[in-house]
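1. With the input below, show me the fold.
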Amino acid sequence: MASSDAQSSLIFFTTSTLLIIFLIAPSFAQQSFPPKVLVAPVSKDASTLQYVTRISQRTPLVPLNLVLDLGGQYLWVDCDQSYVSSTYRPVRCRSAPCSLARSNSCGDCFSGLRPGCNNNTCGAIPDSTVTEMATSGEHAEDVVSIQSTDGSNPGRIVTDSTFIFTCAPTFLLKGLASGVSVVFFGEGPYILAPDRDVSKSLIYTPLFLNPVSTASAFALGDTSLEYFIGVKSIKVNDRVVPVNTTLLSFDSKGVGGTKISTVNPYTVLESSIYKSVTETFVKESAAMNITRVASVTPFEFCFSSKSMYSTRVGASVPTIDLVLQNGNMRWSILGSNSMVQVREGVLCLGFVNGCGKPRTSIVIGGYQLENNLLQFDLATSRLGFSSSLLALQTRCSNFNFTSNA
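-> Numbers count the residues shown, from 1 in each chain. Next up is the predicted model:
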């Protein structure tokens with residue numbers, strides 16, 4: 001869960017059925033065998049393009065599908081429909097768990113008491129960043145179970161009997177992949193076949209807080225819980241893209257900047273940035289004799305795959321670099337993360353126009369994160385990133401989920 005009780009978080013993305021997420025939090029570390037790393041399989045939902053993982057919760061344990069959302073405040077689940085558990089406990093007002101959840105509100109229930117509706121409970125505002133809807137809910141504790149790992153193989157199951165989460169009503173599930181909720185995860189050593197310790201490939205850049213919350217509902221003075229990085233400029237094939245650099249920073253209202261999102265399927269750029277990036281990309285593509293073809297919704301710029309060749313890191317197209325902090329550090333977006341195959345023989349640039357006046361100037365979407373290693377180190381407020389793991393001759397699906405070491 002992306003809050004003060006998670007020291008860091010790591011997310012792997014892949015285009016295949018498995019995607020790896022590691023986490024560690026002090027609540028889990030209190031178990032009889034403190035795990036160093038926890039792991040869960042993740043898949044990409046074909047209809048919504050959202051990333052879905054699975055953990056178990058309640059007594060008896062029930063497997064839950066959860067949408068991975070970097071921008072939400074709480075792990076929340078639907079408590080309106082068939083929430084049955086002998087270990088469910090509402091978090092009471094002004095209790096230590098309520099303080100841990102950073103809540104100062106109290107709630108009562110005016111209908112039959114049940115999970116999600118109790119008296120003298122610690123209030124919450126669960127938020128769907130997909131539909132930008134928020135509502136009231138209650139914080140609660142229950143059993144959560146997830147697998148541990150040594151970084152190479154799955155290990156014993158870890159159970160936390162006092163995991164804090166939020167109960168939300170069913171309507172908040174609208175727009176999410178079938179049967180899901182929202183969850184955040186955290187850190188570990190990262191070893192992928194063929195015996196690649198991909199943690200050694202990480203480059204680090206600061207993580208920033210937007211001084212103004214980007215949630216659907218928030219109190220005055222709240223900062224954003226989403227993850228922002230400092231993009232200083234953009235290059236295509238090492239050519240500087242002309243952009244209004246003031247858009248790359250926050251203004252007094254918290255507008256601008258660059259955030260990382262797992263619920264936006266593709267990177268979204270503010271209109272003027274989009275225009276400059278795509279114009280430069282098209283010019284560089286023409287210089288490489290790459291043939292442009294008709295647009296395919298939602299993409300404006302599409303190309304014939306027959307005019308490019310395949311490489312280990314995807315189609316041979318211009319490289320897009322996000323130039324970070326000191327100007328020498330780059331997050332490189334190669335063909336595997338920039339080009340989307342929309343049909344046989346046609347690849348499209350996987351960036352979309354933000355139109356209007358978006359709250360955030362650059363939203364790095366899920367497709368651009370696939371097969372990239374990202375480590376969110378909250379203790380030191382930094383992001384470790386690898387660019388494409390395909391360059392290391394591995395991918396995120398190369399974690400061994402089957403053998404026990």
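
2. CA atoms for contacts and neighbours, from now on please.
-> OK.

3. Pull stretch 324-335 out as PDB, backbone CA atoms only.
-> The C-alpha coordinates for stretch 324-335 follow below in PDB (Å, rounded to 0.1, in the frame of the first residue of the first chain):
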ATOM      1  CA  LEU A 324      15.700  13.700 -16.200                       C
ATOM      2  CA  GLN A 325      17.100  15.800 -13.300                       C
ATOM      3  CA  ASN A 326      20.800  16.500 -14.100                       C
ATOM      4  CA  GLY A 327      20.400  16.400 -17.900                       C
ATOM      5  CA  ASN A 328      22.700  13.300 -18.300                       C
ATOM      6  CA  MET A 329      20.100  10.800 -17.100                       C
ATOM      7  CA  ARG A 330      17.600   9.400 -19.600                       C
ATOM      8  CA  TRP A 331      14.600   7.100 -19.500                       C
ATOM      9  CA  SER A 332      14.800   5.600 -23.000                       C
ATOM     10  CA  ILE A 333      11.600   4.500 -24.600                       C
ATOM     11  CA  LEU A 334      12.600   2.100 -27.400                       C
ATOM     12  CA  GLY A 335      10.400   0.400 -30.100                       C
END
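
4. can you pull the contacts of Ala168?
-> Residues counted as contacts of Ala168 (C-alpha atoms under 8 Å, 6 or more residues apart in numbering) are 76-80, 116, 126, 135-138.

5. Please type out the PyMOL selection for whichever of those residues turn out to be buried.
-> Here is the PyMOL command that selects only those of the contacts of Ala168 that count as buried (16 or more other C-alpha atoms under 10 Å):
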select buried, resi 76+77+78+79+116+126+137+138
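
6. got the contacts of Ala168 as CSV, with pLDDT, distance to Arg156 and secondary structure columns?
-> What follows is the contacts of Ala168, written out as CSV (pLDDT from 0 to 100; distance: C-alpha to C-alpha, whole Å; DSSP: H, G, I helix; E, B strand; the rest coil):
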residue, pLDDT, distance to Arg156, secondary structure
Trp76, 88, 25, strand
Val77, 91, 25, strand
Asp78, 91, 28, strand
Cys79, 91, 28, coil
Asp80, 88, 32, coil
Gly116, 92, 31, coil
Pro126, 86, 31, coil
Thr135, 88, 37, coil
Ser136, 88, 36, coil
Gly137, 89, 33, strand
Glu138, 93, 31, strand
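
7. Take the contacts of Ala168 and lay them out in CSV including distance to Pro97.
-> Formatted as CSV, these follow (distance: C-alpha to C-alpha, whole Å):
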residue, distance to Pro97
Trp76, 16
Val77, 18
Asp78, 20
Cys79, 19
Asp80, 23
Gly116, 16
Pro126, 17
Thr135, 21
Ser136, 18
Gly137, 15
Glu138, 12
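
8. Please, which helix or strand holds the closest residue to Ser224 other than its chain neighbours?
-> Nearest residue to Ser224, sequence neighbours excluded (C-alpha to C-alpha, 6 or more residues apart in numbering): Ser213, at 3.7 Å. Assigned by DSSP states H and E, Ser213 belongs to no helix or strand.

9. OK, contacts around Ser213?
-> By C-alpha under 8 Å, 6+ apart, Ser213 lies in contact with 221-225, 254.

10. Can I have the buried ones of those residues as a PyMOL selection?
-> Burial among the contacts of Ser213 is assessed by 16+ other C-alpha under 10 Å; the matching PyMOL selection reads:
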select buried, resi 223+224+225+254
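
11. Could you single out the nearest of the contacts of Ser213 to Leu378?
-> Using C-alpha to C-alpha, Leu225 comes nearest to Leu378 of the contacts of Ser213, at 11.4 Å.

12. Could you check the pLDDT of the closest one?
-> Predicted confidence (pLDDT) at Leu225: the value is 83.

13. Settle this for me: it is touching Gly71, isn't it.
-> Yes - assessed by C-alpha atoms under 8 Å, Leu225 is found in contact with Gly71 at 6.2 Å.

14. looking at this structure, which helix or strand is least sure?
-> Lowest mean confidence among the helices and strands of the chain (mean pLDDT, DSSP states H and E): strand 182-183, at a mean of 32.

15. Can you name the element that comes right after it?
-> Next along from strand 182-183, by DSSP H and E: strand 191-192.

16. Give the pairing partners of that following strand; include direction for each.
-> According to DSSP bridges, strand 191-192 forms sheet pairs with strand 196-197 (antiparallel).

17. Show residues contacting the partner strand.
-> Outside strand 196-197, the residues touching it (C-alpha under 8 Å, 6+ apart) are 189-191, 392, 394.

18. Low-confidence stretches in the stretch 251-400 of the chain?
-> Within the stretch 251-400 of the chain, no stretch has pLDDT under 70.

19. ranges for the helices of it?
-> 271-287, 335-338, 366-369 (DSSP state H, counting those that start in this stretch).

20. how's the chain carved up into domains?
-> 8-189, 198-398 (automatic domain parsing).

21. Could you dump the helices of the stretch 251-400 of the chain into JSON lines and include mean neighbour count and distance to Ile320?
-> JSON lines is the format used below for those (neighbours: other C-alpha atoms under 10 Å; distance: least, C-alpha to C-alpha, whole Å):
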{"stretch": "helix 271-287", "mean neighbour count": "18", "distance to Ile320": "8"}
{"stretch": "helix 335-338", "mean neighbour count": "24", "distance to Ile320": "8"}
{"stretch": "helix 366-369", "mean neighbour count": "25", "distance to Ile320": "11"}
